[in-house]
Every structure is written in C-alpha cells, then in structure tokens.
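Colleague: coordinates only, sequence not included:
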C-alpha cells in the first residue's frame with residue numbers, strides 16, 4: 001500500500017470488482033485514513049475520535 005501511495009496510485013487498492021461504481025473521492029479519503037492508522041509510529045496514528053470524525 002505504501003508503494004502505491006508513494007507512486008500516487010493508492011486508488012489501485014480498491015477492489016477491481018467495483019469497477020467505477022464507487023465514489024473516488026470517498027475511497028481516497030478512507031484509504032489515506034487507513035494509511036495513517038497503520039503508521040509504524042503509534043504517536044503518528046490518528047486518535048479514534050479523529051477516525052470517527054472522518055468516517056461520519
């Protein structure tokens with residue numbers, strides 16, 4: 001995921017079966033949030049309240 005993110009191709013992580021039947025902007029927001037959540041440094045990960053505010 002990190003490699004695709006670095007290459008500007010993070011949307012390649014979206015399941016191909018969805019084809020174009022998803023909102024690209026929303027998918028990008030969720031994927032970028034997921035990247036933050038799995039950061040190797042716990043101090044750089046978002047707080048759960050920040051995650052919730054992005055998802056609602």
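Modeller: Structure received. Keep in mind it's a predicted model, so treat the numbers as computed, not measured.

Colleague: Now do the buried residues in the host helix or strand of residue 31.
Modeller: Using DSSP states H and E, residue 31 falls within helix 24-37. Neighbour-count burial for helix 24-37, with 16 or more other C-beta atoms under 10 Å as criterion, is recorded at residue 31. Glycine gets a C-beta too; all of them are placed from N, C-alpha and C.

Colleague: Past that helix, which element shows up next along the chain?
Modeller: Counting by DSSP H and E, what follows helix 24-37 is helix 48-55.

Colleague: That next one - contacts with which helices or strands?
Modeller: When contacts are defined as 3 or more C-beta pairs under 8 Å, 6 or more residues apart in numbering; DSSP states H and E, helix 48-55 packs onto helix 24-37.

Colleague: so the helix it packs on versus helix 48-55, what angle?
Modeller: 170 degrees (axes from the mean of the first three to the mean of the last three C-alpha atoms, to 10 degrees).
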